Every structure is written in C-alpha cells, then in structure tokens.
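Chemist: Mind folding the following:
(2 chains)
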Amino acid sequence: MKMNGLMKLGIVVPLLSAGITFASPPASDTNCQADNSWFPHSETPMPDSANFSPNSNCSFHRWAWQMFLWLTQEDNNQPRFLNFQSPYDVLGIKDRESLLPRLSKSGAPRSLDEYLQAGTEGILIDQSGKAVYYSQYLNDTFVSFIDSNKLTDPKVVQNFDPNTPFPVDSLELKASWKIVDDKDKYKSFFTMPSTVFKLINKDGSIVVDDTRPIKVTLALVGFHIAGVVKDHPEMIWATFEHKDNAPDVPADVTPSQIISKKDWTFYKANTPYSDCNVNPASSPVLKLDEKTQTLSPITHVCRRYAFGNDANQKDMSVPTNIKVVKQLNDSVLSQLSKSDVWSNYFEVGAIWFARNKGLKPNMSLATDSDDKGQLLIGSLKLSNSTVETFTQTQSTMNNCFRCHNTLHRFPPSTELDPLPGLNLNISHAFVNIYFWSQELSQEKDNN
Amino acid sequence: MSNTIFRVHPTINIGRVGNSKEYYLAPETAAGELQDESTGLFGGLPIKPGTESTPIDHNDFRDAQKNVKRQAARFRIFAYDEEQKEYPSKDLGREIKKGDTVNGKTIKDIIWMVHLANKKNNNYQITGTDGTEGIAPYESGNLAIRNETYGKQLDDPTRMQKLVIDAGPRTIKSSEQGTTVAFDKPTTATYIDNEGTVHSIGDYPKSYPDDFFEDQNPEAGNITTLGELQIEENTSRLIVSGGYGNAFSFKSATGSEPTLVDAIDNDGWFDDVSDGPVNAVILFDDGSISNVVGGWFVCTDPGYAPQTRNVVSTWDDIYNTWVEELNIQPELFNNGQYQTSYQSSFYDDILPVFHGAFLQRWNTNLPGQGVNGHNFIASIKPTDDPTKKIPNFQSLIRDPNNPEEDSEGVKMPLALGDAQKSFLSLSKTQYFLMMQWYEGKSTTIKIPLGEGEKLDRTVFLNCLGGRYSPGIDLTFIVRDVNLYKQDWKGVTGPFRINQASLNYQDAKSGQAFLTVGYLPLQTTAVQPGDLSKFMSQPWHTDYNSCAVHEPSPNPESNNTLYWSWPAQRPVQVYPAFECTFDSDKQQWNLGGQLFSIRGDGKGADNQTHTVLPQNEGRFQEYIDYLHNWHKTGFIIQGLQIPTDKGGNYGNDKFLEVESLYTGPGDIVQPWPTSVVETGNN
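Modeler: Coordinates of the predicted model:
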C-alpha cells in the first residue's frame, strides 16, 4: 500500500466528525476517498504538489479537492484565495479598462470588471437578468515566477526559453459570481459584499464603465483551479460548482427534451435542451437595460457533461474517471460539516496529461490523443457551466486544454506584438499579462 | 507588325443570374485589394452599366421593383504585336475598339458570336456511385448518370436532344448599339463563317425545357431564354447577360414526379445558368478580316458578397495547374520543383490572402478573438519581419503538401475542404509563395500584367476556389489541363478554354447539335454548356445547403461546424439596419448579426427555423429556397451605403443591404457551434 505524504511523516489525522482515528485511505481508482488529513476543513493542509504521486486518476482529483478545501479556508477573515493577487496586481493596474495604476494594496477589495466568457464573449445572464461576473487570482509562486523572470517585460517574454514551464506550486484561479439581492436567500452559497462595474451600452457593444462601481453582494457559483504539480507542468485543471447551479443533461439528449422539472439557479423548470446554453453575444436580441442593469434574454444553463465526461464514452479511462469523481465527491461532502458553506460545492471534474512532463511549446491540444497515444485524461469534456456555459459541447472548445495550449497568440489589436509559442502560454493569465504589459507601455509612451 | 494578334479578354468572364431584366457589369477589380487609399475602398464591386469603372452602390443590387439585377459580363478585344513567349506577356497589349487604326487599317466593325447552352441534365452526377465527389469518380470510373431513365449513356440521342438547353449561337455587331439579341426561342440563331459573314440558321435545333416537358413546378418560372447579347454604349465591347434564376422541373421517363431533396444532384430539374464560347471577327475598312482568339462566358449563382475575397480563389487553382503542369512560369516551377530563388510579390501573392482572411468575418460568425487575429494578419506590412508577426507559420497555415494536415481543424484557412478533404488548404503554389515571403524572399513589385491579362486574373480572383463540391462559379475541372488550350505560347495565350470547332452549317432541325463534349481527363474539346454542367442541379439547392457543416470526412471526435464557402455564400451577416449611429462621434456602430438566409415570419412559422445548429441559416426545405432565393440580401462596404448621418456607414464595415426577408431567423451564436444530435441516429 502506498502512503500519502502525511502518512510517510507518521502523521495520522483524527477524523473529528466520526470521533475516531484511523489511517487515511490511499488514492485509489477502485475506491477514491478523501484523505483524513483534510478534515476539519479549517485544518486542511496545502497539497504537497512537489511530491505529488500521479499513481491514479484519484490522486489528481484528490489534489484538486484538497486544493479547493485549502483555498477556501478562512485566512485573514476571508477565504484564502481572496488574499491572492490578481493578474492586474502583477502589472500594478487598477483594472483592465483604464490601465490606471492601482493605489491600494493588493488583496484589498476591487471592483469586478470581467463579465464576458472566454472565447465566445458570451454573457451568462441569470434568471434575474443580471450578468455573472468573473475574477482571477494568482498565488505567490506564480507571481514570484513572473517577477523574478521579469516577464512583465514583453521583450523578455519574446526571448524567453519556450520550454520553460511554470514551477511546481504555481496556481491560477478563476471564480464566477452571481449578484444576489438578499444574501439570506443564498445561505448555501459563499457570499461577500463587493462592487462590480456598471454595464453600459457603448459603441454598439455592452461594456463596463470603470468609473461607476456598484455595491453588490456576490455569491460564488463556480471556481476553477489550475495548478502545477510534479511532472505536470501543463497543470491540473479542476473545476467546482455550487450544487444548485444547473441540471445535468442526460447522455442521449434530444433537442426537445425537458432537462429538469424544477428551477435551478441558472435554469427555469421545464426548459427544453434546445433552449439551454444559447449564446446571443453576436445577435441583436441581446439587450442591456442600463437603468436596471438587467440583460435579456436570460440564459438557461444545462450542464452538458456531468463530471466532465460523456457517459457514452467507454475508452480513455472515462468510466473510471466518472466513478472516481463521484466517489470522491461523496467522500468529501459526507465529511464536511453541513454548516460549512463549502459543503454545497462539488468537483465537476479535472483534466491533465496522461503522460509525465508532456508539455511542449506549440502544442494545439486540439485532440485528446496525439501520435504517441492518449494525451489528455480525466474529465475529457470538462467545462464549468457558469464559466464556459456556451462552449460545453463544441469539440474545438470542450475542455480546458482546447484553449489553454502552447500555440503562439495574435494580439487583440494590430499595434501589439504577437506572443510566441511558449509553455507558459498554457496560462491565459500569463497571455493577458503579456498583451496588457504592451498596452501599458503604449499608454506610457502616449503620455 | 502585320501579324498583330487579337485576343478576347477576359479569357473567361462571369455572369450571374437575377430575376430582373436589368444588370450591372462584372467586377474588373479584385476583392480584397485596396483600390483607393484615400477612401479605403476595396475591390470586387461590380460596375455600373454605362460607366468605365464606377463601382456599384447599395442601390444597384435591385431594380425599382426590388428584383435582383443580373451580373452581365463585359468582353473586350486586345491587340498584341508579338507572339506570347512567357507569362506574364512582355507585350502588355492594348484594347482596340471600332474606329481604331491597326497597322494602318481602320476597324470598320466587330462581329461577336456567342453560343450558350446548359448541359447539366445530360451529365454525370457530382457524387459518384462510391460516394466520392469531384474528379474522383472520373478517375475511378464510378460515375452515376443524371436522369438515368432517359438513357444510360450521355450520347443517347434522346438525352442530347431533350436534356440539354441549347439556345444556339447568336451574333451581334459592335455597330449595333442599342440592339438586344436574345438567347430565346424566337430569336434566330446566327453564326459567322470563316470569311466574316453572318449566316442565319433558321432550322437550328434550339432546345428549351418546355419543348419536351410539362413544368411540374411553374412557381419557379419557365426557362425561355439563357440571356442576351448587347453592345456597350460608346465602345465596341460585348456585354453578355445570362439567365433569370428560374427552375423548371419535369417528370422522369417513367413518369415519376421530380423531387428536390439532394444538395447537389436532383434529377428532373433544369436551371437557367449556362456557358459558352465568345468569339469575334474584326472587319477592317480595306475588306480584310482578323479572327480573334476567343473567350468564354459562364453564368452562375448571384454574387451576394462581391467584395469578400475567397482565401483560395479559382485563380489560385487555375494558376497552380498552369504553374505545375503547363510550365507557364519556369522561373517559379520547373522540372517538378518550385524554385527557391523566386521572389513572391507581397502585394499580389501575400497581402490579398491576408485580406481574404480578415474579410471573412463579414459573412461568418467569427468571434472577437478570431476577428482580432485576422485584423492583425491583414495589418502586416512589406517592411515587417514575417517571423516577428507570425511566430510559427507551420502551426498557423495548413500545409497542402502534407495530407495529414487535411484534418487539423486548428489550422488556417478555417473552412471546409475540397472533396474528400476535411479542411480547406491553400493551393500548393499559394503556400510556396507564402513560404517564400516568410523566409524573406519577396518583393514589393507588383506582377507586371498588361490590362488584358490583369482582367483574366481578376475574374478568377473573384470566384471561389479550393472547395469544389461542386463550388459556385466553376469547379474541379479548372484543375484539368484538358480543359485548356495547352499550346498557349504564340497566338493563343494562357488560360484559354480548348474550344470545340463547331460546324454550324451542319445543324439540322430535330437533331441535337451539341454532343457529349468535354469530360474530365479526356481530350475532347469543349462545347457550349461544358463548364457549367458540372455544377449543382439546380444551383439553388447547393447554395441553400452550404451554410455550415461538419467536415467530410469528419475527423474523429469532431462535432464543430464550419463554413462551406463563406466568401461566396454569406452565412451570418451584419445588416446595415441593425447598426446604430453615434452622434457624438459621428460614426456608425455595428449592430448584431442575423443569418443571411433567414426567411419570413417568426419562430416555427419561419421556414428557416430549426433547433439543430447544423441546419441553421437555410431553408429547411430546398423548394422553399427555390422560391425565395431572390430575397437574399447583399454585402457591401459601408462606403457604398450613403446615409444622411455621417455620409456613409464607413469603410471599416461590410454590411448586408437589400434583404427582402422579413423574419429575424434563428439567433446567431458566435463560432464555434456544434452538431446537436436528433436522437434518431
């Protein structure tokens, strides 16, 4: 029997909820269980990414769940991840729109300005007509790597060794937030007072007005974790959602099929599948009422692939992955206190490379296999229904690696330089920092 | 100097059907090429009739009754003093007109002769018996004949008589300005003999569908003509206009009703497209004559987005064929090898490809990220280091020399591929020229083309290439060397159709004049109707169908939908009426996108409505498009859409105008969209 890191050190963690003490189960695809050391939630240790042992699907999902628990532990009176820096902090800017210097310290509350989903620019519009907002976080290892290598300088990036990956322990996170009018109605969600920038109609588009923050209460509905562990510079990409977000779609769905007879946070009862996940981003039907800050049409979200896998797929370890994620969710959730708000979240799935040290520059990651065999493994059709609502099914975007690849990138405007194909491009935070840093230089030159 | 050579240019010109008697002239500038730096006007626009080169504006697509104007083709004659020894011709040539003097002789008149026919029904199906398309069935012999009940061989006399629309030849003199010579039943067939004399053929066996069949679908219009000839006012140029977009259906020989259920092969349907040779004889004041090297007229689908350049055009396929197989430019390709010493032309070989890429957004639902990438590529300047602008060329552009890349959906061009290929590739010549540029071997000097050869090239640049299943303007036969006069050096010049010599004096009433004619990979010369017969039968079904599809063959695990021919067949468009005016900035902002084909009515009442993304942007029944094709709108640069606010909609937009559909259609979602299973599989 293999031992996990804590067991090697002779540490046996009491399972308080059960009131008894016994050894942690190993990571096993036969019976994937939580590690005893994770409980209580307040004492979950940080995953030991440097000594990560990739011996099973379960070990990756355990890393993901442990990381979720560690990140959501209270630290400085808020979940730990909220103390992390944002990509804006790395550049010392206030927000994406203004590119103005940020005056307050990192970690201080900031207004959310991200409301478009990556790739398709879709806006997730909740049942009240409000937009879902997004925020991103980088841990110290990530930020230190950027800083120590001077990667906020575009010229440095252009000459950077394309084979160099992010170091072990690097983390980038993305959270999705629903605006709630009354936090008492959302007791099962983690909520926090915050501000978001107002949405306005401008130049034919819906954009944020970064001069007009609105005080709101935000409820966390989705959470991405991407992190580097030993031998996996591509990062483990895991995602979590609130249990009431959206219904799962049956494997053999038809367009007219009703997906659920009950209301969900982002789904109205009795909506047929053909009306789920419709993205009107480029259609004139998309409207914003600036006064009420409501948009239409409302998005009905359906989770196309439960646990990030097609239940009809029988190869590439898919049945195992589905079983493992279910087992681990059951194991963790049964051991979290019911009063713990984080017990209302679950792991949708996680995806990583089937081989160690497989990341190389200029990989498109467009398919699950390459000429050497299976390349991707885990939740091969993984999306967070609140973060990638509109790209759950399309084979060109239906898992994290379709977009998080190491191809070169063209810039968002013609004045900027493209980004060469680097291993670091796996992180969109890095990609954005590269282009924003050029915009910053231009701003400075113009001033 | 006495051996002056006369040639018709362009070698092929394209007419397009419309349901109006009026027409505009085929474009003589290439889509994707900047015409006016001061205004930002791009090429590709058709020309207002009666003008030398004035581009049409948004009011010119339809007549006062809102019918679609046809595109007519303008042909000219150029004189060359030297035989052609190379391409481009060192002798740039000069256009000649009635009244001009050549070698001391004045041109008294020019007699033009055109013969139009439609042979689609007496040809093979595009799809072979083994399911392959394009040239493959001709290579394998797995050919399926259209309208088999009328005979199993193309040379069956019944088939040749009944299944071919043959209007016969017509002539018109340059001196006959104001005259219209129609390719209809009442107009007598005429031809020019070797002495330059015009003869009538009163008993020419003209053939129209209602001569033999009862129309089973009169709503789509009878076919009583294939078009007209006219002489341009104040010039000696010939103007050829084609059909009206009508379709005539007929029962099989066994009495079966026709159906319209296939995208490209429907027995029992005629349309009124056509093609045929354009010949001319010059009459001099001293009684002498000169024969002119002929051209060819092809009439095809309407041009709904004339300024959107195809990333791979018909020119790219034709040029590739002539470069690799007919030794047209040994300095570029010789002894089976591309010559690495050759310098590509940035402005002719490179930038237009990039412009083609960035123009696709106006006919597709490309998301912002894709639009930004294309805009970036289109902004590359000849002074830029290519490797700094495109860090990894191989990971960006699909290599046509590597079949494995046919199925790589992440590479460009991001559109559906040719028959038996998943995705579109540049031609090998295009790719080589791009690679030369990428490796620093390019020049800013434009290709030194004379006006006539420039017209030849421009026509093809404005037509679809790369994906011929079957295509819209011309098809896979443009890659067959047998289509052309291969002895191009000397009098003929390149890119000329291997025109059959027709002995009109042998024409007899009651006996088909035209025979089987040209077939791919065979050396039989080309007759009227032999170019368009490889196209969809009728064209309407293919146009309707070709919105978005899965690739074929579909790469494993792919369910993403891609566009068929976005430049030529707009799928998602930006209607001008959805734009909003910002009075502070005095500029128009883009509105949302609608499907180009979006029908009338709302929801399920709209004949285009579907819950399946793979079927969006088209009529769900082919017959409905047959009845509504003329409602489809046109895409034109904002500069050409005048308005009280701001003068016009701006040179930075290409907007849909003049759509007659009243429905909003289904919601356009940004790419990618994917197949939704119906549960019936």
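
Chemist: Chain neighbours aside, what residue packs nearest to whatever residue of the stretch 1-150 of chain A ends up closest to chain B?
Modeler: The nearest approach of the stretch 1-150 of chain A to chain B comes at A:Thr120, 4.5 Å away (C-beta to the nearest C-beta). (Each C-beta comes from the backbone N, C-alpha and C, glycine too.) Beyond its immediate neighbours in the sequence, the residue positioned closest to A:Thr120 (C-beta to C-beta, 6 or more residues apart in numbering or on different chains) is B:Pro670, lying 4.5 Å away.

Chemist: what's the burial count for the residue of the stretch 1-150 of chain A closest to chain B?
Modeler: A:Thr120: 25 surrounding residues under other C-beta atoms under 10 Å in any protein chain shown.

Chemist: how about the helices of the chain, start to end?
Modeler: Picked chain A for this. A:5-8, A:57-71, A:87-91, A:140-148, A:154-158, A:318-335, A:400-403, A:428-446 (DSSP state H).

Chemist: wait, I meant chain B there
Modeler: B:136-140, B:157-162, B:314-325, B:351-359, B:368-378, B:386-389, B:393-396, B:428-438, B:451-461, B:539-545, B:622-628.

Chemist: Buried residues in the longest one, which are they?
Modeler: To tie it back to what came earlier, the one meant is helix B:314-325. Residues of helix B:314-325 classed as buried: B:314-324 (neighbour count, 16 or more other C-beta atoms under 10 Å in any protein chain shown).

Chemist: and the residue nearest to A:Thr120, how far is that from A:Lys202?
Modeler: 19 Å (C-beta to C-beta, to the nearest Å).

Chemist: With A:Asp182 instead?
Modeler: 30 Å.

Chemist: winner for burial among the helices of chain A?
Modeler: helix A:57-71 (a mean of 25; mean count of other C-beta atoms under 10 Å in any protein chain shown).

Chemist: Who has more neighbours out of A:Asp182 and A:Lys202?
Modeler: Using other C-beta under 10 Å, the more surrounded residue of A:Asp182 and A:Lys202 is A:Lys202, with 13 against 8.

Chemist: roughly how far apart are that one and A:Pro297?
Modeler: Look at A:Lys202 and A:Pro297: by C-beta to C-beta, they are 21 Å apart.

Chemist: With B:Asp301 instead?
Modeler: Using C-beta to C-beta, one obtains 35 Å as the distance from B:Asp301 to A:Pro297.

Chemist: Look at those two and report which has more neighbours.
Modeler: Neighbour totals were compared for B:Asp301 and A:Pro297, and B:Asp301 leads with 25 against 15 (other C-beta under 10 Å).

Chemist: Now do the contacts for the more buried one.
Modeler: Going by C-beta atoms under 8 Å, 6 or more residues apart in numbering or on different chains, B:Asp301 touches B:16-17, B:273, B:472-473, B:539, B:543, B:568.

Chemist: Check those residues against A:Thr164 and report the nearest one.
Modeler: Using C-beta to C-beta, B:Gln568 is the member of these that sits closest to A:Thr164, with 45.3 Å.

Chemist: How many residues are close by that closest one?
Modeler: B:Gln568: 28 surrounding residues under other C-beta under 10 Å.

Chemist: wait, it sits on B:Leu464?
Modeler: Yes. Applying C-beta atoms under 8 Å as the test, B:Gln568 and B:Leu464 come out as touching, 4.4 Å apart.

Chemist: what packs against the strand ranked longest in chain A?
Modeler: Looking across chain A with DSSP state E, the single longest strand is strand A:205-229. Contact here means 3 or more C-beta pairs under 8 Å, 6 or more residues apart in numbering or on different chains; DSSP states H and E; on that basis strand A:205-229 packs against helix A:57-71, strand A:111-112, strand A:171-180, strand A:191-202, strand A:232-242.

Chemist: does chain B sit close to the fourth one?
Modeler: No. Judged by C-beta under 8 Å from any C-beta of the partner chain, strand A:191-202 and chain B are separated, with a smallest distance of 8.6 Å.

Chemist: Mind listing residues that contact that strand?
Modeler: Strand A:191-202 has contacts (C-beta under 8 Å, 6+ apart) with A:78, A:82, A:95, A:97, A:109-113, A:115, A:131, A:133, A:177, A:179-180, A:183, A:206-210, A:212-220, A:288, A:290, A:293, A:295.

Chemist: One more pass at 6 Å, please.
Modeler: Residues outside strand A:191-202 that contact it (C-beta atoms under 6 Å, 6 or more residues apart in numbering or on different chains): A:111-113, A:133, A:183, A:206, A:208-210, A:212-219, A:288, A:290.

Chemist: Near chain B, which residues of the stretch 101-250 of chain A are found?
Modeler: Neighbours of chain B within the stretch 101-250 of chain A, by C-beta under 6 Å from any C-beta of the partner chain: A:120-121, A:203-204.

Chemist: before we move on, the earlier item: please dump the helices of chain A into TSV; it should also carry distance to B:Trp588 and mean pLDDT for every row.
Modeler: TSV is the format used below for these (distance: least, C-beta to C-beta, whole Å; pLDDT from 0 to 100):
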stretch	distance to B:Trp588	mean pLDDT
helix A:5-8	62	36
helix A:57-71	47	98
helix A:87-91	33	91
helix A:140-148	41	97
helix A:154-158	34	97
helix A:318-335	50	98
helix A:400-403	32	96
helix A:428-446	26	91
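
Chemist: between the ones you listed, which gets nearest to A:Ala226?
Modeler: Nearest of the helices of chain A (C-beta to C-beta): helix A:400-403, 7.4 Å.

Chemist: how far is the closest one from where the chain is centred?
Modeler: The chain centroid and the centroid of helix A:400-403 are separated by 12 Å under C-alpha atoms, centre = their mean, to the nearest Å.

Chemist: Over to stretch A:336-344?
Modeler: 20 Å.

Chemist: buried ones in it?
Modeler: Going by neighbour count (16+ other C-beta under 10 Å), the buried part of stretch A:336-344 is A:336, A:341-344.

Chemist: where does the chain dip in pLDDT?
Modeler: All of this refers to chain A. Scanning chain A for pLDDT under 70 picks out A:1-23, A:96-110.

Chemist: wrong chain, I was asking about chain B
Modeler: For chain B, the stretches flagged by pLDDT under 70 are B:1-2, B:679-681.

Chemist: which parts of it sit against chain A?
Modeler: B:365, B:367-368, B:372-373, B:375-376, B:379, B:391-392, B:395, B:410, B:557-560, B:578, B:580, B:589-593, B:611, B:667-670, B:672, B:674, B:676, B:679.

Chemist: Next, the angle from the longest strand of chain A to helix A:140-148.
Modeler: Taking axes from the mean of the first three to the mean of the last three C-alpha atoms, to 10 degrees, one finds strand A:205-229 and helix A:140-148 inclined to each other by 100 degrees.

Chemist: Strand A:205-229: partners in the sheet, and parallel or antiparallel?
Modeler: Using DSSP bridges, the strands paired with strand A:205-229 are strand A:171-180 (antiparallel), strand A:191-202 (antiparallel), strand A:232-242 (antiparallel).

Chemist: Which of the ones you listed sits closest to A:Tyr305?
Modeler: Short answer: strand A:232-242, nearest of the strands paired with strand A:205-229 by C-beta to C-beta, at 11.7 Å.

Chemist: what residues does that closest one touch?
Modeler: By C-beta under 6 Å, 6+ apart, strand A:232-242 touches A:60, A:63-64, A:68, A:165, A:189, A:221-228, A:344-345, A:347-348, A:350-353, A:359, A:384, A:400, A:426.

Chemist: Please apply the same query to stretch B:364-380.
Modeler: Contact with stretch B:364-380 is made by A:120-121, A:282, A:410-412, A:414, B:354-355, B:357-358, B:361, B:389, B:563, B:566, B:571-572, B:668, B:670-671, as judged by C-beta under 6 Å, 6+ apart.
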